[in-house]
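Asks: What would the 3D arrangement of this be:
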Amino acid sequence: QLQLVESGGGLVQPGGSLRLSCTASGFTLGGYSIGWFRQAPGKEREGVSYISSSGGLSNYADSVKGRFTISRDNAKNTVYLQMNRLKPEDTAVYYCAASTIYRGSYYMGYPYWGQGTQVTVSS
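Replies: Residues are numbered from 1 along each chain as shown. Next comes the predicted model:
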């Protein structure tokens, strides 16, 4: 059974940092492109960042560009999202999703999703 598990969320003050992890079980993450998405209460799901299976291609939403960095360690079966200079508007549940094809922000193209991890940015 293919499973994705997000971790690393929590409460952080504005300007702080968190690193989210997306770990796979039941399959080798190295064969999949990964997307990070987030959803705040009452808002639509929003794409945050995406990385190809090799790590050679990555993209970011304009709202996080320059503050967030996506990376992967296929040996550890894990994809990371380093989030710096966090803002209150970054508060949301963050999800990782996997696809065998690079899908970018097209969230409907990701067949596998984790359960999400809560990120709250507040003083």
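Asks: As a check, name the ranges of all strands in this structure.
Replies: Ranges of strands in the chain, per DSSP state E, are 3-7, 10-12, 18-25, 33-39, 46-51, 58-60, 68-73, 78-83, 92-99, 112-113, 117-121.
Asks: what's next to stretch 86-96, contact-wise?
Replies: Residues outside stretch 86-96 that contact it (C-beta atoms under 8 Å, 6 or more residues apart in numbering): 4, 6, 9, 12, 14-18, 20, 22, 34-40, 43, 45-46, 48, 63-64, 67, 79, 81, 83, 113-122. Where you see a C-beta, it was placed from the backbone N, CA and C, and this is true even at glycine.
Asks: how long is that stretch end to end?
Replies: Stretch 86-96 has an end-to-end distance of 18 Å (C-alpha to C-alpha, to the nearest Å).
Asks: Also stretch 2-10?
Replies: Stretch 2-10: ends 25 Å apart by C-alpha to C-alpha.
Asks: How about stretch 109-123?
Replies: First residue to last in stretch 109-123 (C-alpha to C-alpha) measures 36 Å.
Asks: returning to that earlier point: just the buried ones out of the contacts of stretch 86-96, please.
Replies: 4, 6, 9, 12, 18, 20, 22, 34-38, 46, 48, 64, 79, 81, 83, 113-114, 116-117, 119, 121 (16 or more other C-beta atoms under 10 Å).
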